[in-house]
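Trainee: Show me how the following folds:
(2 chains)
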Amino acid sequence: MTMETEKLIERLAEVVEPVRPLARPWIRTAAWLLVAIPYIALVMFVVSPRADLIAKASEWRYVIEQLAALATGITAATAAFATVIPGYDRKFLFLPALPLAIWLGSLGDGCVEDWIHFGPDGLSLQPDWFCFPAIVLVGAVPAIAMAVMLRRGAPLTPHITSALGGLAAAGLGNFGLRLFHSQDASLMVLVWQVGTVFILTIMLAWAGQYLLNWRSIVATARRRVLIR
Amino acid sequence: MKGQLDDHALATLMRAAQGGNTQAYVLLLKEITPRLRQIVRAQRRFLKIADIEDLVQDVLLSLHAVRATYDPRRPFMPWLMAITRHRLADAARRHTRRAAHEVQVENVPVTFSDEGTNIDGDEYRDPEALRQAIEDLSPAQRAAIEMLKLREMSLKEAAAARGTSIGALKVSVHRAMATLRKALIKES
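Mentor: Numbers count the residues shown, from 1 in each chain, chains lettered A, B, ... in the order given. Below is the predicted model of the structure:
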């Protein structure tokens, strides 16, 4: 259905309501963390924190891995929020690259060390199916909050935006998981935990087309113009 | 010839529009529409005038829908151009998808001999009368039109939302279309 552009402009002006401009990506990330962090803390206390958590806090490898997972989540969230702003600087896309590289690098280094100390036994891989549902559980509320916040923006790159949002939620999910799940063998963490993070990221990237699309928001705008 | 407003002036109008200022919004949209038309025409030379106008309207609706994403501290035109670029790319993808499923025919067969059933919907250009005609429909028919034609929901989604069957919804939308057609032909 086509209406004359002049009339469309008049109708758009008739229905225009005040809107609050979206805050900058860093500020939106901080707002997202205000929801995500208390939820992760709540899950940790409900499930009960790992017995050696205080001792682990002085182990540099554990601290680096946890900080890198947290930083990956935070920078991915900022990048995701930037991608829904038309005209954003594409450099934002590379924000999570450094913490992600540190995270993977640290785990890779751990695998090499395990190999050196224990030989092939140090790299044995057992099933750890707990990781997937646990990361989903810890990442669920951050993911929902992220989706709600992203939908306030422009769906410029739905797949990339959703992938970054998924990486943010799953990264935080993995950070939370390691606060109550005593699995620190580097290869196990790399395969089961980081593997889960990547699987969730890919799944959400695929879902991006349904979560964020112009069709629904333009249809809503068109409906308001026609109906009101 | 009237000079074009610079980016600073457009940004000021956009800020006012974000605050709900109707006049500023009209001014802004009227100022950018010829520019959008020019951009679409330059990038899609093969399109007919009506199709170019459709794309311009699509960009205007998109701008309206995401106006909260404009950062008042930043220039306006790069923001608008990013939306335009994405909407044009989107339209091109849609066109390619549609073309892949299209069957070319020499003569489009008429569905019924009645003239009213063979009107080209794209020729209709009076939104006010259409809005009125939709408002005059029965609640069930209006809901069916709103969900299926305006919100572009699928039959399955709309049936679930209304708590009715797909068949009943099909009947409602068919009757609504017939009523609208009659009402609009009467007016024209």
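Trainee: what about the helix or strand encompassing B:Arg93, near chain A?
Mentor: Here B:Arg93 sits within helix B:77-100, counting by DSSP states H and E. Yes - judged by C-beta under 8 Å from any C-beta of the partner chain, helix B:77-100 comes into contact with chain A at B:78-83, B:86-87, B:90. Placement of C-beta: from N, CA and C, glycine included.
Trainee: How about the next helix or strand after that helix and chain A, touching?
Mentor: Scanning forward in sequence from helix B:77-100 by DSSP H and E, the next helix or strand is helix B:127-135. Yes - with C-beta under 8 Å from any C-beta as the measure, helix B:127-135 is seen reaching chain A through B:127-128, B:130-131, B:134.
Trainee: Pick the one among the residues you listed closest to B:Met147.
Mentor: B:Ile134 (12.1 Å; C-beta to C-beta).
Trainee: who's in contact with that closest one?
Mentor: B:Ile134 makes contact with A:226-227, B:142, B:145-146, B:180 under the criterion C-beta atoms under 8 Å, 6 or more residues apart in numbering or on different chains.
Trainee: So what does the closest residue to A:Asp52 other than its chain neighbours have for phi and psi?
Mentor: Distances taken as C-beta to C-beta, 6 or more residues apart in numbering or on different chains place A:Ser182 nearest to A:Asp52, at 6.8 Å, with adjacent residues excluded. In terms of degrees, to the nearest 10, the main-chain angles of A:Ser182 are phi -90, psi 70.
Trainee: My guess is A:Asn213 contacts A:Thr157. True?
Mentor: No - counting by C-beta atoms under 8 Å, A:Asn213 stays clear of A:Thr157, with 11.4 Å between them.
Trainee: between the two, which one's more packed in?
Mentor: A:Thr157 (17 against 14; other C-beta atoms under 10 Å in any protein chain shown).
Trainee: low-scoring stretches of chain B, by residue?
Mentor: Within chain B, the segments meeting pLDDT under 70 span B:1-3, B:101-125, B:187-188.
Trainee: rewinding a little: to the chain's geometric centre, what's the distance from the helix holding B:Arg93?
Mentor: In terms of C-alpha atoms, centre = their mean, to the nearest Å, the centre of helix B:77-100 is found 14 Å from the chain centre.
Trainee: measure the closest residue to A:Met188 other than its chain neighbours to chain B for me?
Mentor: Closest residue to A:Met188 apart from its sequence neighbours, by C-beta to C-beta, 6+ apart: A:Asp128 at 5.9 Å. From A:Asp128 over to chain B the distance is 39 Å, taken as C-beta to the nearest C-beta, to the nearest Å.
Trainee: Pretty sure A:Arg224 sits against A:Glu14.
Mentor: No - applying C-beta under 8 Å, one finds A:Arg224 not in contact with A:Glu14, separated by 9.8 Å.
Trainee: Quickly note the distance from B:Leu27 to A:Gly87.
Mentor: Using C-beta to C-beta, to the nearest Å, B:Leu27 is found at 22 Å from A:Gly87.
Trainee: Right, I'll call it a day here.
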